[in-house]
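K.L.:
My questions are about this predicted structure, shown below with the sequence.
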Amino acid sequence: MTSFLTGNFVLDVALVSWFAAQTLKIATHYCKTRQLRLRLFFSSGGMPSSHTSTVIGATTAIGRICGTASPEFAIMLIVSVIVMYDATGVRRETGRQSVVLNYIMDHWRETPPEIFQRDLKELVGHTPLEVLAGMILGLAIGLIL
């Protein structure tokens, strides 16, 4: 496997997978809302999951280089599963809690405390479909490159 960006094939695949996912976030948001939001390129959450795409791309590249029976592949696969679980579980729940807290902050009846000066970020996690899309994207890039 030859490297074309950084000198490290696994890192190249991970970076291309991340870049592709972040670019697709802009495209999927535009198709859904007809609003072009370029700042989505640097945001978390949304379709597809760039975290998942990045780790699955790296996992696929390691599998191609070291083989799927290697310790390196096993370690990366475990890390990938943890990242995907976190994206659909912990981070998604954090986003749900942010919605509730933002509602409370918007409807505070007395003088709002200083802590309420800015909204919490609500889009921090992913739906299972967004994670699946990131997984497919990372896998495809890892196999194609």
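P.N.:
That came through, no problem. Just so it is clear, the structure is predicted and the values come from calculations on it, not from any experiment. Numbers count the residues shown, from 1 in each chain.

K.L.:
Point out the other helices and strands that the one helix or strand Ile75 maps to packs with.
P.N.:
Using DSSP states H and E, Ile75 falls within helix 71-88. The criterion is 3 or more Cβ pairs under 8 Å, 6 or more residues apart in numbering; DSSP states H and E, and the helices and strands that helix 71-88 contacts are helix 50-66, helix 128-144. All C-beta spots, glycine's among them, are computed from the backbone N, C-alpha and C.

K.L.:
So what touches it?
P.N.:
By Cβ atoms under 8 Å, 6 or more residues apart in numbering, the surrounding residues in contact with helix 71-88 are 49, 51-52, 55-56, 58-59, 62-63, 66-67, 125-128, 130-131, 135.

K.L.:
Quick check: buried residues in it?
P.N.:
Within helix 71-88, the residues scored as buried using 16 or more other Cβ atoms under 10 Å are 73, 76-77, 80, 83-84, 86-88.

K.L.:
Over to stretch 13-30?
P.N.:
13-18, 20-22, 24-26, 28-29.

K.L.:
so for it, what's the average pLDDT?
P.N.:
Stretch 13-30 carries an average pLDDT of 94.

K.L.:
any idea how far the worst-scoring helix or strand of the chain on mean pLDDT is from the chain center?
P.N.:
In the chain, no helix or strand scores lower on mean pLDDT, DSSP states H and E than helix 90-106, which sits at a mean of 74. Distance of helix 90-106 from the chain centroid (Cα atoms, centre = their mean, to the nearest Å) equals 19 Å.
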